[in-house]
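Enquirer: sequence unknown, structure follows:
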């Protein structure tokens, strides 16, 4: 039985077989914001917040479709468990609230890798990312990074695996001159902050490694206990970009991360997206 | 401690006190540049998973040094675990935060800027600037300025930690450094004749290397 071309990796292309890899996207003459995400609510798109958990029932977040945490076993491996803790620190809830604001009908999932006992350590971050990539989420929001070089190679592998499995990894960049990961990898969408107040304003950066700038200054974020607070940081620019990715993927689920990045480029405010 | 032992300690270990002063000076300058009410450096104590007040300028200076709290809570905790700088405003509107802050530090900031102290591939702690005057909306330029202070503070904190680790070795019962320091102390106290003999012995040992 022959499978659809998109289901199998194509290692080569015989003569005259171009149709076999026809692209399932009806590209318009000009990619506009209206084509990219006009009318989209994020419905059908699964977004995973790899963070400190999500406070369930927060008015800014609404329903969370699943929450897991990672329990370290004696042999150093991690076991995935249902997570009933919610969010003890608040950072993940803040990120989830921003994604929900932009993509109100997306499905939100929480993978808790930060919080008590984890010290933001590399091994649990890797375990969480590996799990999220294996689950095949459409978007993974990572408003965090590690400075541990020993984890860079594995993170790089996971980022590439995500990229080829049609999972978009959206990662916070550093605004300090330090080496940290995974935002520096070209297979992820890395996000820094701009100072504009509009949540849908984003810019393509022609001077990487930071590839996009999204709203990150004076953002009203969900705060533990059901309230909100004003905050600034790339941590909150990142879920803006994740939300925009969810909108595009909801309308064009067939887009690969490569194609999605192109759509983001073409609709960025400093490219063609002002219109 | 004898003069000689002190000299060995100072030479071998650097001066913990000097690094502490450097750290203190960084928070003083950070506070002054931002015109803020207070500025602090927290050290991340990995063993106990806590953040410790290591230097404080302005409000709370003098009282807070050495105070500890869990590393995974609060804004400093966010910054430590995510390695991302953050600014939070209107904190005084949150009754829970206000109560906790008042209990731990004695005052409730309206807003704070916090940045991780990253050195090589370690996250050593957090630098905070509390209650800068809210003349204008917060800008990314301020975040960058804070990042520069953070680099400086991270280097100072790294030196301080290394000095402490060296002192711990020196103060240990069985360490090589301690044996040398004890030898230095004895030498310092020795009669001229004994001293001369000991120095000759040392010169002979030196030829071995």
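Expert: All right, it came through fine. Since the model is a prediction, treat every value here as computed from it, not as a measurement.
Enquirer: From now on I want contacts and neighbour counts done on CA atoms only, so please keep to that.
Expert: Will do.
Enquirer: all strands for the chain, in order.
Expert: I went with chain A, as the question did not name one. A:46-51, A:66-72, A:78-82, A:107-112, A:139-142, A:168-172, A:189-194, A:203-204, A:212-215, A:219-223, A:227-232 (DSSP state E).
Enquirer: Hmm, no, I was thinking of chain B.
Expert: Along chain B, counting by DSSP E, strands occupy B:38-45, B:50-58, B:68-70, B:86-89, B:112-119, B:122-130.
Enquirer: can you tell me which of those strands the model trusts least?
Expert: Lowest mean pLDDT within the strands of chain B: strand B:68-70, at a mean of 86.
Enquirer: strands paired with that strand, and their directions?
Expert: Taking DSSP bridges as the criterion, strand B:68-70 forms sheet pairs with strand B:50-58 (antiparallel).
Enquirer: one step back: any chance of the strands of chain B in JSON lines with mean neighbour count as columns?
Expert: Converted to JSON lines, these look like this (neighbours: other Cα atoms under 10 Å in any protein chain shown):
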{"stretch": "strand B:38-45", "mean neighbour count": "26"}
{"stretch": "strand B:50-58", "mean neighbour count": "22"}
{"stretch": "strand B:68-70", "mean neighbour count": "18"}
{"stretch": "strand B:86-89", "mean neighbour count": "23"}
{"stretch": "strand B:112-119", "mean neighbour count": "27"}
{"stretch": "strand B:122-130", "mean neighbour count": "26"}
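Enquirer: Any idea which of those strands gets closest to residue A:14?
Expert: When the strands of chain B are compared by Cα to Cα, strand B:122-130 sits nearest residue A:14, at 50.7 Å.
Enquirer: Next, format the strands of chain B as JSON lines and append distance to residue B:100.
Expert: Shown next, in JSON lines, are the strands of chain B (distance: least, Cα to Cα, whole Å):
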{"stretch": "strand B:38-45", "distance to residue B:100": "17"}
{"stretch": "strand B:50-58", "distance to residue B:100": "15"}
{"stretch": "strand B:68-70", "distance to residue B:100": "11"}
{"stretch": "strand B:86-89", "distance to residue B:100": "16"}
{"stretch": "strand B:112-119", "distance to residue B:100": "15"}
{"stretch": "strand B:122-130", "distance to residue B:100": "15"}
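Enquirer: Contact partners for residue 69?
Expert: Here I'm looking at chain A. Applying Cα atoms under 8 Å, 6 or more residues apart in numbering or on different chains, we find residue A:69 in contact with A:80, A:81, A:82, A:83, A:111, A:112, A:113.
Enquirer: That was the other one, I meant chain B.
Expert: Per Cα under 8 Å, 6+ apart, neighbours of residue B:69: B:50, B:51, B:52.
Enquirer: Closest one of the contacts of residue A:69 to chain B?
Expert: Nearest to chain B among the contacts of residue A:69 is residue A:113, at 9.7 Å by Cα to the nearest Cα.
Enquirer: And that closest one, how far from residue A:229?
Expert: From residue A:113 across to residue A:229, the span is 23 Å (Cα to Cα, to the nearest Å).
Enquirer: likewise residue A:147?
Expert: Relative to residue A:229, residue A:147 is positioned 28 Å away (Cα to Cα).
Enquirer: Compare the two and say which one has the larger neighbour count.
Expert: residue A:147 (21 against 18; other Cα atoms under 10 Å in any protein chain shown).
Enquirer: Quickly note the distance from that one to chain B.
Expert: Look at residue A:147 and chain B: by Cα to the nearest Cα, to the nearest Å, they are 5 Å apart.
Enquirer: Look up the pLDDT of the closest residue to that residue other than its chain neighbours for me, please.
Expert: Nearest non-adjacent residue to residue A:147, counting by Cα to Cα, 6 or more residues apart in numbering or on different chains: residue A:180, 4.4 Å away. Per-residue confidence (pLDDT) for residue A:180: 90.
Enquirer: Now for residue A:180: which residues touch it?
Expert: Per Cα under 8 Å, 6+ apart, neighbours of residue A:180: A:145, A:146, A:147, A:148, A:149, A:174.
Enquirer: Compute the number of surrounding residues for the last one.
Expert: For residue A:174, the count of nearby residues is 25 (other Cα under 10 Å).
Enquirer: Against residue B:27, how distant is the closest residue to residue B:42 other than its chain neighbours?
Expert: Excluding its sequence neighbours, the residue lying closest to residue B:42 (Cα to Cα, 6+ apart) is residue B:53, at 4.6 Å. Using Cα to Cα, residue B:53 is found at 12 Å from residue B:27.
Enquirer: Let me see the contact set for the residue in the stretch 151-275 of chain A that chain B sits nearest to.
Expert: Minimum separation of the stretch 151-275 of chain A from chain B (Cα to the nearest Cα) falls at residue A:231, amounting to 4.3 Å. With contact taken as Cα under 8 Å, 6+ apart, residue A:231 is in contact with A:217, A:218, A:219, A:220, A:221, B:86, B:87, B:88, B:89.
Enquirer: surely residue B:154 meets residue B:119?
Expert: Yes: counting by Cα atoms under 8 Å, residue B:119 is a contact partner of residue B:154 at 5.8 Å.
Enquirer: what residues are up against the residue nearest to residue B:42?
Expert: Each residue near residue B:53 by Cα under 8 Å, 6+ apart is listed here: B:40, B:41, B:42, B:43, B:64, B:65, B:66, B:67, B:68.
Enquirer: what are the bridge partners for the closest residue to the second one other than its chain neighbours, then?
Expert: When the adjacent residues along the chain are set aside, residue B:41 lies closest to residue B:127, with 4.5 Å between them (Cα to Cα, 6+ apart). In this structure, residue B:127 has beta-bridge partners residue B:41, residue B:115, where bridges are defined by DSSP bridges.
Enquirer: Give me the nearest residue to the residue of the stretch 151-275 of chain A closest to chain B, chain neighbours excluded.
Expert: Residue A:231's closest residue in space is residue B:88 (Cα to Cα, 6+ apart), at 4.3 Å.
Enquirer: how about low-confidence regions in chain B?
Expert: For chain B, residues meeting the criterion pLDDT under 70 lie at B:1-14, B:95, B:98-99, B:101-103, B:135, B:172-178.
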